[in-house]
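Q: I'd like to go over a predicted model; first the sequence, then the structure.
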Amino acid sequence: MTEKTKKFQSFERKSRKKLDDDEKTNLEKAMRVIALDAMRLKWEQPEKYERKSFNDISLKMIDGLSYSSVVDLAEDILKEKQKRNR
């Protein structure tokens, strides 16, 4: 397990302790959206993300963000995806 993976898991554990059930569900959904966006980024820009795992990219995207900021980021990602699909 890489150091970044450990940090990512630590973030999730700490965040979840403070959240109610609905917030935990929202965080899980947000993290899935962010992970999928990390996959998209790596697919579209392989040279930029060479030797970076999806977890590494996701962790960088949420580094220093609060729960509400993570949820907002996921919502922004979904809005951008909708624009791209039009």
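A: On my side now, so go ahead. Not measured: the values here are computed from a predicted model.
Q: ok, the residue nearest the centre of the chain - contacts?
A: Geometric centre of the chain, nearest residue: I34, 3.2 Å, by C-alpha atoms, centre = their mean. Contacts here follow C-beta atoms under 8 Å, 6 or more residues apart in numbering; on that basis I34 touches 58, 61-62, 70, 73-74, 77. All C-beta atoms are positioned from the backbone trio N, CA, C, and that covers glycine.
Q: tell me the SS of the nearest residue to it once chain neighbours are set aside?
A: Here the nearest residue to I34 in space, its sequence neighbours aside, is S58; by C-beta to C-beta, 6 or more residues apart in numbering that works out to 5.2 Å. When states are read from DSSP: H, G, I helix; E, B strand; the rest coil, the local structure at S58 comes out as helix.
Q: residues near S58, how many?
A: By other C-beta atoms under 10 Å, 22 other residues sit near S58.
Q: helix or strand: which one has M61?
A: When secondary structure is defined by DSSP states H and E, M61 falls within helix 54-62.
Q: and that helix, average pLDDT?
A: Helix 54-62 shows a mean pLDDT of 91.
Q: can you check stretch 35-42 too?
A: pLDDT averaged over stretch 35-42 equals 96, rounded to a whole number.
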